[in-house]
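Visitor: my questions concern the predicted model and sequence given below.
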Amino acid sequence: MARTRTRTRTRARRRPRMYAAGALASAGALLAVTGCGAADMTKQASPYANAQGSKTVTLSVQSWVGAQANVAVATYLLEHELGYRVDTVQIDEVPAWDALSQGRVDAILEDWGHPDQEKRYVDDKKTITSGGELGVTGHIGWFVPTYFAKQHPDVTDWRNLDTYADQLRTPESGGKGQLLDGSPSYVTNDKALVDNLGLDYQVVFAGSEAAQITQIKQFAKEKKPFLSYWYKPQWLFQKVPMTEVELPAYKEGCDADPKKVACAYPHTPLRKFLNADFEKKGGGAAELLKNFAWTTGQQNEVALMIADQKLSPEAAAAKWAAANKATWEKWLPKK
């Protein structure tokens with residue numbers, strides 16, 4: 001999904017040597033980088049990796065736990081295998097591109113598709129370069145709990161959603177059915193979809209991935225029906241089984257005009273991006289990050305440890321690395 005799951009999302013840590021205590025750290029404790037300033041800094045060289053031999057890398061960590069899992073494992077390997085110090089900064093998805101171009105961060109490890117930013121910085125300014133695919137395919141959709149879909153199989157066709165609007169009404173949805181979204185900063189077409197499909201629903205933002213998860217878990221505990229914007233990969237499916245609602249089929253270009261979108265979200269191979277100077281001068285750190293590619297199952301394994309089992313990101317990464325040496329050894333730079 002192109003989501004600015006900023007897809008949020010929850011939890012950056014400032015280093016050296018200390019993660020935020022919880023998987024869902026308060027946004028107030030995080031350093032926000034806006035990419036705004038009086039001077040044009042897009043030509044600024046990355047000041048981090050191998051700068052005068054400092055061996056320091058700065059990674060952008062998005063606020064959703066899957067992205068945190070990527071950064072946790074990359075950080076663990078950069079520090080313990082290559083001897084780098086890693087700083088992490090949580091930034092919303094679009095501002096993260098500005099920060100990457102300016103050299104304020106060296107890499108984004110999970111991008112859900114921002115073609116405008118890619119054209120501006122990769123094609124035109126050439127201040128950012130592709131770091132390859134992450135190995136995980138992302139998909140946004142509308143989901144209902146599987147227990148509700150089993151009771152009402154036709155709810156999985158968008159054309160029948162209005163039949164259930166009354167059951168999905170909440171105090172926040174203003175007399176309409178509720179479509180629960182996460183953060184307003186995520187990439188979402190939901191307001192346009194509701195309008196263009198003529199649905200009797202109101203988009204209600206939980207505020208963050210963490211708040212959305214809390215709400216979904218509460219609905220599931222009480223066996224209440226709900227309709228929610230959600231995405232794969234995401235560990236919550238293992239705790240709250242959900243079934244996707246079939247929206248009008250996605251076709252290339254059907255989402256080109258955000259105001260006229262009336263189709264499903266695409267399936268998006270998630271990609272990595274590096275600051276162009278860092279890619280050239282980042283040595284082993286840049287090589288490892290370009291080589292970093294794992295499966296949806298592997299990402300979910302680490303994300304589940306962080307978000308559900310409440311391990312610190314560092315502890316989750318260490319546990320995963322100890323059991324998966326054959327996987328990450330292939331990412332290390334060739335000697």
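Guide: Received, thanks. Fair warning: this is a prediction, and the values are worked out from it, not measured in the lab. Residues are numbered from 1 along each chain as shown.
Visitor: going forward, measure contacts and count neighbours with C-alpha atoms only.
Guide: OK.
Visitor: element containing T88, please.
Guide: strand 85-90 (DSSP states H and E).
Visitor: for whichever helix or strand comes after that strand, which helices and strands make contact with it?
Guide: Per DSSP H and E, strand 85-90 leads on to helix 93-102 as the next helix or strand towards the C-terminus. Helix 93-102 sits against strand 107-111, strand 267-275, with contacts defined as 3 or more Cα pairs under 8 Å, 6 or more residues apart in numbering; DSSP states H and E.
Visitor: need the contact partners of the shortest one.
Guide: Put plainly, it is strand 107-111. Strand 107-111 has contacts (Cα atoms under 8 Å, 6 or more residues apart in numbering) with 2, 58-62, 67, 70-71, 93, 96, 100, 134, 270-275, 289.
Visitor: let's see it at 7 Å
Guide: L59, S60, A67, N70, L100, L134, L270, R271, K272, F273, L274, N275 (Cα atoms under 7 Å, 6 or more residues apart in numbering).
Visitor: let me know the closest of these to P153.
Guide: L270 (31.1 Å; Cα to Cα).
Visitor: helices and strands around the top helix by length along the chain, which ones?
Guide: What stands out as the longest helix in the chain, according to DSSP state H, is helix 65-80. When contacts are defined as 3 or more Cα pairs under 7 Å, 6 or more residues apart in numbering; DSSP states H and E, helix 65-80 sits against strand 56-61, strand 85-90, helix 296-307, helix 313-323.
Visitor: that one vs strand 85-90, what angle?
Guide: 160 degrees (axes from the mean of the first three to the mean of the last three Cα atoms, to 10 degrees).
Visitor: send me helix 65-80 as PDB with only the CA atoms.
Guide: Output in PDB follows, covering the C-alpha atoms of helix 65-80 (Å, rounded to 0.1, in the frame of the first residue of the first chain):
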ATOM      1  CA  VAL A  65       5.500  -2.600  13.700                       C
ATOM      2  CA  GLY A  66       6.500  -4.400  10.500                       C
ATOM      3  CA  ALA A  67       8.800  -1.500   9.600                       C
ATOM      4  CA  GLN A  68      10.100  -1.500  13.100                       C
ATOM      5  CA  ALA A  69      11.000  -5.200  12.700                       C
ATOM      6  CA  ASN A  70      13.000  -4.400   9.600                       C
ATOM      7  CA  VAL A  71      15.000  -1.700  11.400                       C
ATOM      8  CA  ALA A  72      15.500  -3.800  14.500                       C
ATOM      9  CA  VAL A  73      17.100  -6.600  12.600                       C
ATOM     10  CA  ALA A  74      19.100  -4.400  10.300                       C
ATOM     11  CA  THR A  75      20.300  -2.400  13.300                       C
ATOM     12  CA  TYR A  76      21.300  -5.600  15.200                       C
ATOM     13  CA  LEU A  77      23.400  -6.800  12.200                       C
ATOM     14  CA  LEU A  78      25.000  -3.500  11.500                       C
ATOM     15  CA  GLU A  79      26.100  -3.200  15.100                       C
ATOM     16  CA  HIS A  80      26.900  -6.700  16.000                       C
END
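Visitor: quick one: contacts of it?
Guide: 9, 61-62, 84-86, 109-110, 234, 285, 299-300, 302-303, 307, 313-314, 317-318.
Visitor: re the thing from before, redo the helices and strands packed on helix 65-80 as JSON lines? Include mean pLDDT.
Guide: Formatted as JSON lines, these follow (pLDDT from 0 to 100):
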{"stretch": "strand 56-61", "mean pLDDT": "96"}
{"stretch": "strand 85-90", "mean pLDDT": "95"}
{"stretch": "helix 296-307", "mean pLDDT": "94"}
{"stretch": "helix 313-323", "mean pLDDT": "98"}
